[in-house]
Each structure stands twice: as structure tokens, then as C-alpha cells.
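K.L.:
sequence first, then the predicted structure:
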Amino acid sequence: MGFRHLYIRSARFLSLRQNNIVVSRDDKEDLLMPIDDVYSILLEDPNCNISARLISELSSRGVGLVLCDSRYMPSSQLISMNLHYNQVGIIKKQLEASEQLKAQIWKQIIRKKINNQKLVVQSCTDDVDTFNLLDEYTKEVKVGDKENKEGAAARAYFKTIFGPNFIRFGSTPISLALNYGYSILSGSIIRQCIFYGLNTNFGIWHNSNGNAYNLAYDLIEAYRPYVDHLIFWHIDKLDDPLPKDIRKQLIDILNQDALIEDKKYKVENAISITIQSYIKCLESGDYKYIKLPDFLETRYFEERD
């Protein structure tokens, strides 16, 4: 898989030429990018045409192609098929996983998510009470999170960083920005799950019959605080639709730093480690192999000022 993320605001035509992605623009010189270098493409222009040859090549290489709607929100993406040599074997492991194993893994995910939320509160505010409350919730999470400490933590967390009147699924610029950032993370998780042979329909805790990405919605949880933190430090710049600068920074969140077992990785690479560790949990039947990110602060103070 490549390492570059192409963000294309306007283009007339996307095509393939001698193993290069070609971005053709009106009255401007064509832009060329080696396809081997590209991890994902986010295309905002609804009038852009794309060659079938390029689409086929992107799919065969597992390159993500994300299309946006009229409000610049990611609305669909190209999903590759049969990229892994042992796809059936890995899916069998998913189906054979015990409820106890999944409940133990879910406990670790929620503990890490709340702990990362605690670190975001510490980074963004002086609210010691919420910090201590989230610290307690982290310790109190039980197998399967049967007492829903995740929900209790979220209520305290969001009101602390976004204000007492904030409603997570409201139609505000904050919610719009969060949804955009979460879509960038989930898109990367979906692509990498498929790359490693997993079927995203089969989740750990999420199990909706109408959701093709249950597993991605599970694995994203510990990574969500990265988006929350970025939005906090840019809250004065938010609007509907989201400004270009905000969209670019949310796309770049995959290049931020995360810690896994005290080693620093880019978020995109950390996601890969998490997914591979989940597969090891399935193969071994032991939840202790799961590897999840520790939030690592990125400074946004200059941008906010």
C-alpha cells in the first residue's frame, strides 16, 4: 500500500498513464502521481470523470477512492475485493470467535477509548473533575462494558470539551466536523481490514444486520479522540459546509502521531498494527494480543490564535 493521500478539489478527468495517476484540469498542466505511492484519493468535484481503467487499477491495489457530496462530506468509497491470500480462513476465524473473546476485546477497546478521552480533556481544558471521572470510568469498565461506561464517559467528555449544550448528533458545524473526521478514520480502517482479509460485516460489539462496516465501527473507537482534539483547537473556524483548511487537516489526521506500546507511529500505521493484532487475537483465542493507540497530543495553539 502507498503512503500519499491525494486531496482533489477540482479536476476534469482522472486517468492512468504509464503507471501514473493523471489529474487533468481545465487550462492547467496535467498533474502526475505514481500510483504505487498513493494510499487514498479524496475527490470533491462532482463533475470529474474517472476512467474505468484507473478505477480497476485502484481496486486491484487496494487504493481508497472516496467521493464527496455537495457539502464536501465523504459519501462513498471504492471497496476492493479478494486482496488477501487467506481471506476465507481469516473470515472463518471471525465467525468462530467466542462471545467471551469478543467481550474481552471490547473491554480493552473501551478502556483505551475512555483513557484517550481523558488525555484529550487534559490537553484541552483545566477540568480536573472530568479528568478524574474519566480516570475512574477507565478502571471500572467490565467485560463487554455491560454497565455502559462508554456512554457515561461520552456524556461527560463531550460537554466538557464542546460545552454543556453540545448534542453529539445535532446539526451543528461541530457535529459536521466530527462526522467528517470519523469518516476519514473509518475509511482507512475499512480499507486495511479488507487488505488483511477481514470481513467488516462481522464486528466485535456492533452487530447490526444493516451495517456492512460493524468491525470498522468497533476498531475506530480508540482513535476517535484524535478527531475530537483537532476539532477543539479549530472550533472557531468551523462552518457549514466545512472550510477547505479544516477538511485538509482532518484528512491529514492519518499522518498524526500515535503511541502503541511506547513506540511512535503515524495513525495510519497504528491502525494497521491494531488490525493485525486483532487477527492474532482471533487466531490465538487470546484477547491480550490486542494493540491499541495511546493518544499523543498534537499542538494546534498557533492555528487557533
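P.N.:
Good, I have the coordinates.
K.L.:
looking at the chain, which helix or strand is least sure?
P.N.:
Lowest on mean pLDDT, DSSP states H and E among the helices and strands of the chain sits helix 301-304, with a mean of 43.
K.L.:
could you dump stretch 187-198 to PDB, C-alpha only?
P.N.:
Taking C-alpha atoms only, stretch 187-198 is exported to PDB below (Å, rounded to 0.1, in the frame of the first residue of the first chain):
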ATOM      1  CA  GLY A 187     -12.300   4.700   5.600                       C
ATOM      2  CA  SER A 188      -8.700   3.800   6.400                       C
ATOM      3  CA  ILE A 189      -9.900   1.100   8.800                       C
ATOM      4  CA  ILE A 190     -12.200  -0.400   6.200                       C
ATOM      5  CA  ARG A 191      -9.500  -0.500   3.500                       C
ATOM      6  CA  GLN A 192      -7.000  -2.100   5.800                       C
ATOM      7  CA  CYS A 193      -9.400  -4.600   7.200                       C
ATOM      8  CA  ILE A 194     -10.100  -5.800   3.600                       C
ATOM      9  CA  PHE A 195      -6.400  -5.700   2.800                       C
ATOM     10  CA  TYR A 196      -5.700  -8.100   5.700                       C
ATOM     11  CA  GLY A 197      -8.600 -10.400   4.800                       C
ATOM     12  CA  LEU A 198     -11.200  -9.400   7.300                       C
END
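K.L.:
so what touches it?
P.N.:
For stretch 187-198, contacts defined as Cβ atoms under 8 Å, 6 or more residues apart in numbering pick out 1, 40, 62, 64, 66, 74, 77, 79-81, 83-87, 89-91, 94, 199-200, 213, 215-216, 219-220, 223, 254, 268, 271-272, 275-276, 278-279. For the C-beta atoms, the positions are set from N, CA and C on the backbone; glycine is no exception.
K.L.:
quick one, which of the residues you listed are buried?
P.N.:
In terms of neighbour count (16 or more other Cβ atoms under 10 Å), the buried residues within these are 1, 40, 62, 64, 66, 74, 77, 79-80, 83-84, 87, 90-91, 94, 199-200, 213, 215-216, 219-220, 223, 254, 268, 271-272, 275, 278-279.
K.L.:
quick one: the strands in the protein, in order.
P.N.:
Under the criterion DSSP state E, the chain contains strands at 4-8, 13-17, 20-24, 31-34, 38-43, 49-50, 64-68, 74-77, 257-260, 263-266, 294-295.
K.L.:
sheet partners, orientation included, of the last one?
P.N.:
If I follow you right, that is strand 294-295. strand 257-260 (antiparallel) (DSSP bridges).
K.L.:
identify each buried residue in the partner strand, please.
P.N.:
257-258, 260.
K.L.:
quick one: it to chain centroid distance?
P.N.:
Centroid separation for strand 257-260 versus its chain: 14 Å, with Cα atoms, centre = their mean, to the nearest Å.
K.L.:
again, but for stretch 128-146
P.N.:
For stretch 128-146, the distance to the chain centre is 23 Å (Cα atoms, centre = their mean).
K.L.:
what sits up against that stretch?
P.N.:
Contacts of stretch 128-146 (Cβ under 8 Å, 6+ apart): 100, 103-104, 106-107, 110-111, 114-115, 117-118, 121-122, 147, 149-150, 152-153, 156-157, 160, 205.
K.L.:
got a list of what the residue nearest the centre of the chain touches?
P.N.:
What sits nearest the mean C-alpha location of the chain, by Cα atoms, centre = their mean, is Leu185, with 1.3 Å. By Cβ under 8 Å, 6+ apart, the contact set of Leu185 is 220, 223-224, 226-227, 253-254, 267, 271.
K.L.:
inside helices: which ones of those?
P.N.:
Using DSSP state H, the subset of the contacts of Leu185 located in helices is 224, 226-227, 267, 271.
K.L.:
most neighbours out of the residues you listed, which is it?
P.N.:
Tyr226 (28 neighbours; other Cβ atoms under 10 Å).
K.L.:
check contacts around that residue.
P.N.:
Taking Cβ under 8 Å, 6+ apart, we find Tyr226 in contact with 181, 185, 253, 256, 258, 267, 295.
K.L.:
picking up where we left off before, quick check: the farthest pair among the ones in helices among the contacts of Leu185?
P.N.:
The distance between the two most remote of the ones in helices among the contacts of Leu185 (Cβ to Cβ) is 13.3 Å, for Val227 and Ile271.
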